[in-house]
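*Asks:* Give me a 3D structure for the following:
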Amino acid sequence: MALPRPGAAFWAGLGLAGLGLWHALLAPLPLLARLEQVTEDWRQQLRSQPVTPHPDIAIVDLDESSLQALGHWPWPRERLAALSDELLQRQQVAALGVDLVFPEPTPGDPALARAWQGRPVLTGFYLSADRGGLRSGQPPQPLFALPGPRPSGLPPWNGLAANTPTLAAAAPRGGFFNVVPDTDGLVRSVPGVAVLDGQAWPSLALAMALQAAGQPAVQPELQAAGAGRAPLLEALRVLPAGQAAQRL
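*Replies:* Residues are numbered from 1 along each chain as shown. I've put the predicted structure just below:
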């Protein structure tokens, strides 16, 4: 009894499967990448629900009205110290995330350092890959050291801009505030971890969440990806003191 020969649908399906494997494992195909972006937008629109801002989170926006009222940027660091004192002393914020970078010293650094010293301040820094590895300032403490090469899927940063040593010593914790747009220029996700020189740093948002949780230890969960290939960073495991580990 002769077996039926595969039809066009079989070969089309096999070809699509091959393209999918090539796209996922070897080299992303622009057409499939764009299709993934469009379908992800549709899924987000279908799943999204109206979100009310959390009452415990506030954004202090240094906008055009602020500049018109208080003068052009950059503001003296004494003024930023007064703003920090207002938030930390009078408003009693649980954590203050500063998504600004102060890489060059000024006479106002001691005043700002005094406002941050010993308080729940998380400072920001910026990673780069287009300045020839140029680095300025002192970044915050890293989250953990990686046991091997940079995991696949994470951008290959080689430079950074961070705060002066005086400010970094006053507020040693923090995170990066880079965003990585997709090929169409839209930002659909924000990285939680960045790697440079074998060290992993949290995003500023993750650093603030860890501050709110009492600064638990964090360990990476790496998944092997085959011989000769960098591992995948599958998840982060948070280890609160006296509690079961939680997976992010």
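
*Asks:* Touching stretch 114-123 from outside, list them.
*Replies:* With Cβ atoms under 8 Å, 6 or more residues apart in numbering as the test, stretch 114-123 has contacts from 80-82, 84-85, 88, 93-98, 140, 162-163, 167-168, 170-171, 173-175, 204, 207-208, 211. (C-beta placed from N, C-alpha, C; glycine too.)

*Asks:* What of stretch 219-234?
*Replies:* So stretch 219-234 is contacted by 144, 146-154, 193, 200, 235-237, 239, 247 (Cβ under 8 Å, 6+ apart).

*Asks:* and the end-to-end length of it?
*Replies:* Terminal residues of stretch 219-234 lie 11 Å apart, using Cα to Cα, to the nearest Å.

*Asks:* Give the buried residues for it.
*Replies:* In terms of neighbour count (16 or more other Cβ atoms under 10 Å), stretch 219-234 has its buried residues at 220, 222, 230-231, 233.

*Asks:* could you dump these to TSV with distance to residue 54?
*Replies:* Formatted as TSV, the entries for the buried residues of stretch 219-234 read as follows, by distance: Cβ to Cβ, whole Å:
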residue	distance to residue 54
220	28
222	32
230	36
231	35
233	28
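
*Asks:* Strands - which of these land there?
*Replies:* 220, 222, 233 (DSSP state E).

*Asks:* Could you single out the nearest of the residues you listed to residue 131?
*Replies:* Using Cβ to Cβ, the shortest approach to residue 131 within those belongs to residue 233, at 24.9 Å.

*Asks:* Does residue 112 fall in a helix, a strand, or a coil region?
*Replies:* Using DSSP: H, G, I helix; E, B strand; the rest coil, the secondary structure recorded for residue 112 is helix.

*Asks:* picking that back up, from the contacts of stretch 219-234, which would you call buried?
*Replies:* Applying 16+ other Cβ under 10 Å to those, the neighbour count classes 146, 150-151, 154, 193, 200, 236 as buried.

*Asks:* Please identify which pair of those residues lies farthest apart.
*Replies:* 150 and 236 (15.6 Å).

*Asks:* Just the buried subset of the contacts of stretch 114-123, please.
*Replies:* Restricting these to buried positions leaves 80-81, 84-85, 88, 93, 95-98, 140, 162-163, 167-168, 170-171, 173-175, 204, 207-208, 211, with burial counted as 16+ other Cβ under 10 Å.

*Asks:* The residue nearest to the spatial centre of the chain and residue 91, how far apart?
*Replies:* The residue at the geometric middle of the chain, judged as the C-alpha nearest the mean C-alpha position with Cα atoms, centre = their mean, is residue 203 (3.2 Å). Taking Cβ to Cβ, to the nearest Å as the criterion, residue 203 is separated from residue 91 by 24 Å.
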